[in-house]
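Visitor: here's a sequence, model it:
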Amino acid sequence: MFSRMSGMKSAKKRLSEMERLKEELQAADAVVIGAGAGLSTSAGFVYTGERFRQYFSDFEEKYGFHDMYTGGFYPYQTLEEH
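Guide: I've put the predicted structure just below:
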């Protein structure tokens, strides 16, 4: 299906790209990492359950949402309330 040579070229190219990335990172003054939705979840953070009930049960009771994610987007009436 795939030739062994094209696989070797691809591996060599990836190694070369990784070496270049390593050099660029070592030469950089700073590295800025942008992260979006899913990063905390992939790290094992959960938005509901016992932890939510322990710290946010008053919000759950008052506003009716059952997880921290929903609470972040809830349409509060004022900025102070948010």
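Visitor: who touches the longest helix anywhere in the chain?
Guide: When the chain is parsed with DSSP state H, its longest helix is helix 4-27. For helix 4-27, the surrounding residues in contact (Cβ atoms under 8 Å, 6 or more residues apart in numbering) are Val31. Every C-beta, even on glycine, is put in place using the N, C-alpha and C of the backbone.
Visitor: next structured bit after it?
Guide: helix 39-42 (DSSP states H and E).
Visitor: CA atoms of the helix or strand of the chain with the lowest mean pLDDT as PDB?
Guide: Within the chain, no helix or strand scores below helix 39-42, which has a mean of 80 by mean pLDDT, DSSP states H and E. Output of helix 39-42 as PDB, limited to C-alpha atoms (Å, rounded to 0.1, in the frame of the first residue of the first chain):
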ATOM      1  CA  LEU A  39      -7.700  22.100  27.200                       C
ATOM      2  CA  SER A  40      -8.900  22.000  30.800                       C
ATOM      3  CA  THR A  41     -11.200  19.000  30.000                       C
ATOM      4  CA  SER A  42      -8.400  17.100  28.400                       C
END
